[in-house]
Structures are given as structure tokens and as C-alpha cells.
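In: Everything below, folded, please.
(one chain, ligands or ions: 2)
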Amino acid sequence: MVLDNLGSSLRGSLEKLRGQSRLSEEDVEEIVREIQRALIQADVDIALVQSLSDDIKERALEEEPPAGTTARDHILRIVYEELVALVGDSTEIPLEPQTIVLAGLQGSGKTTTAAKMAWWFSKKGLRPAVIQTDTFRPGAYDQARQMTERAEVDFYGDPDEEDPVRIARDGLDETADADVRIVDTSGRSGLNEELVDELEEIEAEVDPDRNLLVLDAAIGQGAKDQAKAFGDAVGVDGVVITKLDGTAKGGGALAAVDQTDSTIAFLGTGEEVQDIERFEPSGFISRLLGMGDLKQLTERVERAMEETGQDEDDWDPEQLMEGEFTLKDMRKQMNAMNRMGPLDQVMDMIPGLGGGLMDKLPDDAMDVTQDRMRNFEVVMGSMTEEELENPRSVGRSQVERIARGSGKMMSRMMKQFQGMGDGDMQRMMKQMQGGGGGGGGMGGMGPFGD
Ligand SMILES: Nc1nc2c(ncn2[C@@H]2O[C@H](COP(=O)(O)OP(=O)(O)OP(=O)(O)O)[C@@H](O)[C@H]2O)c(=O)[nH]1
Ligand SMILES: [Mg+2]
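Out: Ligands and ions are numbered 1, 2, ... in the order given. All right, here's what the predicted structure looks like:
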């Protein structure tokens, strides 16, 4: 993924600052060099890299770090803030009924994005529909139909109709029940008059709430020209950058979009309908820096909760912060985590557990952890509500009963859970929420660690 090595190369330099309370000029130089290298590799405009470097240097040396912060936190915060400013804001996408037109050059990812966005809206509880108006490319109809089937969302298209505007009109009628109508359009190899005319006519017919321009990340800084050309021709309310999974150069598109007056709405990170994320500048940059992204994690948790039929209320970090964490809570978390995707991805998003830790773990550690979680599940399945609420009350005879019931790892788990002091879980949750603890260990994690 774009700028992938920024986090890991910075982490080394930041690690060296551990224990220091002040930054020397050399420290700042080294960190700025790492950032420059990563940004230039990612195809970010050189002049932009230079001005960003200057800003970071100036702030790092001139701003007084707030009392109690370390040199490491001080520079990390400045780097983070400057990078967030570099990628710019996120396009506002209200969760309400609306019509969106997707435009872009051939192969930029419009059709894929239409299905992905529909999937995204459906996960937010809205009813989306995709309208396919591309009569230019043979196969466009089938492609859109198949992708929307995979996304399990409504679809309208007409393989026998040649007029895109007519399809758009019929499509709006046919999808009147949907909350969010996403209109996919055809592409051309360049922004020619034919494409501009077609887009203008569709826009006049559809009267969309927003036009989103779909850009392939591989075009790098070319994003600036495309965003400007489409903006002048039909108006662009936001940009979707696709194929960020496939190129190391996506930094060009990310930064270039902000240099025009556009903002970024979504990022495409793969070919499947789920491979989409809302662009959140702060989360995006925290993740790049290996600081984790609680917001993303929360989104995934919410999604997982929906799928397990659990209430969102069940996920209550506040309650965990207050220190009451029972086995029952742990089971809920584990169920949710299992549904959030591969454990290593989830861990990467937790501030303090991100990057730094993952690098240190042996390759198979995640498999082992995942196995262990499954074991816990089996064991907890044999416990009563009372025992789950109150693990310290579990005596020997209960342990034996539960062990018989589960046949698995009982004493080991109880030993670990009981051995975990009251404050440990609280401390762990604090660490997760506080972020910034790149190398933060798993020491307090008890059952998850060894
Ligand atoms: N790896 C990756 N591939 C993507 C992504 N988005 C789209 N693609 C692929 O890019 C190719 C083109 O995507 P389409 O969605 O057909 O592009 P389009 O803009 O609709 O193309 P036209 O209709 O011909 O103008 C397809 O093979 C997609 O699978 C992405 O985020 N990551
Ligand atoms: Mg298409």
C-alpha cells in the first residue's frame, strides 16, 4: 500500500529518541530525511515535500514541547499534523438518501467503485442501488450486474438500450425504493468532448447531489490535471482514489488532489466489493505512522456487531476503562474480533499495538493467538453466566467441571485471567485509546500474550 514503508522507516528513528526529552537538530534532520525519502518514493510532488520538510523542521525545533511529553511524542505529533494537512480533508458524505454520479477515465475503477460504495452504504443501514449507464464498453452491463450481485445490492441496467441518458432516467424510476442511487458512467481514454457531453446530459437528467471523480492511484501526480479537467468540465465534489493496494506511488494522487480544490471521499484497496474505505485523513495518517486507527477499528467493530446481532452498546470502551472487565466481556470482544477480519490486521489498527509490535512478533504468532482465542471460546462455552461474570469465584471443583465440559486449556486460562491484576486491563485499554505508543508491549494483555 502507498507510503507503506513510511511507518517502518520512521519507527527506527523514533525508537532512538526513546528516553530523550529534547530533540537535537540532528534528530530532526534524520526524521525529516526519512519522511522525504518515503514521500518522494510515493511520487509526492518534490516542491510539496520540500515545504512539508521545512515546516516540520521549523516546528520541531521552535515549538516548545508541552510539559510531560517526550521528544518522541513531540516530533511524532508534528509529523502527524503536517501529513494530515498534506492529504487534506475528507469529502462530506452524509448518511442520508442521495444520488451520486461517478465519472472518470477508462479503467479508473468506476464500475468497481459503484458496487463497493453501494456495499458500503448498505453496511451503514441505507438501501443503495447502482444504475449502469455505460453503453460504450461492451460487457459493462454484465460486469456491473455481477459486482452488484456480490455486493447484494439493487441494480438497474438495460443491455438493449443505447442511450445512456434514457437508461439513467429509467434507472431512477426503477430504483425509486432505494435511498442512495449510484450512477455509473462510461469512460474514455481521455477527457474528450464526447465524454464531457455525455456526462453533462446525464447530470442534467439525474440532478445528482454529488459528482465523484474516480482516479487510479497509479497516475500519481497526474491526478492534479485530471481533477482539474473534470472539475472544469462537469464539476467534481469529491474524489475516489482506487488501486491503492497495487501501487507504491499513490502518494502522488493523495497529495495532488488536495492541491486542486478537491477532497477525497473514498479509497479503493482491492478488487472485491469490501475493499473500500472512507477517507479519514487523521486515521489514514495514524495508520501510516503505525499509530493505529481507533476510528477504523470502531467501524469494523460496529459492522461485526451488526453481523452477530449484538448491540452496539455491548462494545463499551468506557466501561472497560473503568476497570470492570469480565470473561463475558472478553468473549464479546473475541466474537467481534473474529468477525472483523484477520487478527493481524485488527491488531495493526490498535494504537500502541500497531506496526512496532507486529514487526517484533514471529510470523506464526498470530496463528497461535488465533488458535488460543478459539480455545478460549470453547472453554467459555462451558461456563455459567455467573462464572463468566465473576472469574475469581471459580474454585477447583468448578474448574474440573468446566474442564470436563470443554476438554481444553481450562486451568491455564483461569490462571492467566486470575493472575491479571485489576489495573492491567484498564491500563491496556488506556494504552489503546491514548495511541502514540508505537512500541507498546503486550505485557498487560494477559490471555492474549504468553
Ligand atoms: N487492485 C485493485 N483493482 C481495482 C480496484 N478498483 C478497480 N480495480 C480493477 O481495475 C479494473 C478496471 O475497473 P473498472 O471498475 O472496470 O473501471 P471503469 O472505470 O469502470 O472502466 P470503464 O468502464 O472501462 O471506463 C478492473 O479489473 C478492476 O478489478 C482497486 O481498488 N484495486
Ligand atoms: Mg465501467
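
In: who does residue 211 bridge with?
Out: Beta bridges link residue 211 to residue 101, judged by DSSP bridges.

In: Retrieve the pLDDT associated with it.
Out: On the pLDDT scale, residue 211 is placed at 96.

In: and it, how many neighbours?
Out: Using other C-beta atoms under 10 Å, residue 211 has 22 other residues around it. Quick note: C-beta positions are derived from backbone N, CA and C, even for glycine.

In: do the same with residue 387
Out: The number of residues packed near residue 387 is 21, by other C-beta under 10 Å.

In: Distance-wise, check the closest residue in space to it that isn't next to it in sequence relative to ligand 2.
Out: Spatially, and ignoring its direct neighbours in sequence, residue 387 is nearest to residue 394 (5.3 Å; C-beta to C-beta, 6 or more residues apart in numbering). Distance of residue 394 to ligand 2, given as C-beta to the ion, to the nearest Å: 59 Å.

In: Check what pLDDT residue 394 gets.
Out: For residue 394, pLDDT reads 79.

In: Cross-check the contact I'm expecting between it and residue 400.
Out: No. With contact defined as C-beta atoms under 8 Å, residue 394 does not reach residue 400; the gap is 10.4 Å.

In: Of the two, which one has the most company?
Out: More neighbours surround residue 394 than the other of residue 394 and residue 400, with 21 against 12 (other C-beta under 10 Å).

In: Can you report phi and psi for the more buried one?
Out: The phi/psi pair for residue 394 (degrees, to the nearest 10) reads phi -80, psi 110.

In: How about the residues of the chain by ligand 2?
Out: 110, 111 (C-beta under 5 Å from the ion).

In: Tell me which residue in the chain sits closest to ligand 2.
Out: In the chain, the residue that lies nearest ligand 2 is residue 111 (3.2 Å; C-beta to the ion).

In: After the helix or strand hosting that residue, which helix or strand is next?
Out: Using DSSP states H and E, residue 111 falls within helix 110-123. Sequence-wise, the next helix or strand downstream of helix 110-123 (DSSP H and E) is strand 128-132.

In: Which neighbouring elements make contact with that following strand?
Out: Packing contacts for strand 128-132, counted by 3 or more C-beta pairs under 8 Å, 6 or more residues apart in numbering; DSSP states H and E, involve helix 110-123, helix 140-151, strand 154-156, helix 164-174, strand 180-184.

In: Next, format the ones you listed as CSV and append distance to residue 289 and mean pLDDT.
Out: What follows is the helices and strands packed on strand 128-132, written out as CSV (distance: least, C-beta to C-beta, whole Å; pLDDT from 0 to 100):
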stretch, distance to residue 289, mean pLDDT
helix 110-123, 25, 96
helix 140-151, 32, 97
strand 154-156, 39, 98
helix 164-174, 43, 97
strand 180-184, 33, 98
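
In: Phi and psi next, for the closest residue to ligand 1 within the stretch 251-400 of the chain.
Out: At 2.9 Å from ligand 1, residue 268 is the closest residue in the stretch 251-400 of the chain, using C-beta to the nearest ligand atom. The phi and psi values for residue 268, taken as degrees, to the nearest 10, are phi -100, psi 130.

In: mind checking pLDDT for it?
Out: 95.

In: now the spatially closest residue to it that is not a sequence neighbour: how far from residue 14?
Out: The spatially closest residue to residue 268, leaving aside those adjacent along the chain, is residue 242, at 3.4 Å (C-beta to C-beta, 6+ apart). Per C-beta to C-beta, to the nearest Å, residue 242 is found 31 Å from residue 14.

In: still on that earlier bit, show me which of the helices and strands packed on strand 128-132 has the highest average neighbour count.
Out: Highest mean neighbour count among those (mean count of other C-beta atoms under 10 Å): strand 180-184, with a mean of 28.

In: Report the angle between that one and helix 110-123.
Out: With axes from the mean of the first three to the mean of the last three C-alpha atoms, to 10 degrees defining the directions, strand 180-184 sits at 170 degrees from helix 110-123.

In: wait, does the helix or strand hosting residue 252 contact ligand 1?
Out: According to DSSP H and E, residue 252 maps onto helix 251-259. No. Figure legend: helix 251-259 not in contact with ligand 1 (C-beta under 6 Å from any ligand atom); closest approach 12.0 Å.

In: Need the mean per-residue confidence for that helix.
Out: The predicted model assigns helix 251-259 a mean pLDDT of 87.

In: How about residues contacting that helix?
Out: 2-3, 39, 41-45, 48, 86-88, 215-217, 219-224, 227, 239, 241, 263-264 (C-beta atoms under 8 Å, 6 or more residues apart in numbering).

In: Please flag which of the residues you listed sit within strands.
Out: Of the contacts of helix 251-259, the ones assigned to strands by DSSP state E are 215, 216, 239, 241, 264.

In: Would you confirm that residue 95 contacts residue 126?
Out: Yes. With contact defined as C-beta under 8 Å, residue 95 counts as touching residue 126 (6.4 Å).

In: Settle it for me: which of those two has more neighbours?
Out: Using other C-beta under 10 Å as the criterion, residue 95 and residue 126 rank with residue 126 on top: 16 against 11.

In: from what I can see that one touches residue 179, true?
Out: Yes. Between residue 126 and residue 179 there is a contact under C-beta under 8 Å: 4.3 Å.

In: residues shared between the contacts of those two?
Out: Joint contacts of residue 126 and residue 179 (C-beta under 8 Å, 6+ apart) are 96, 97.
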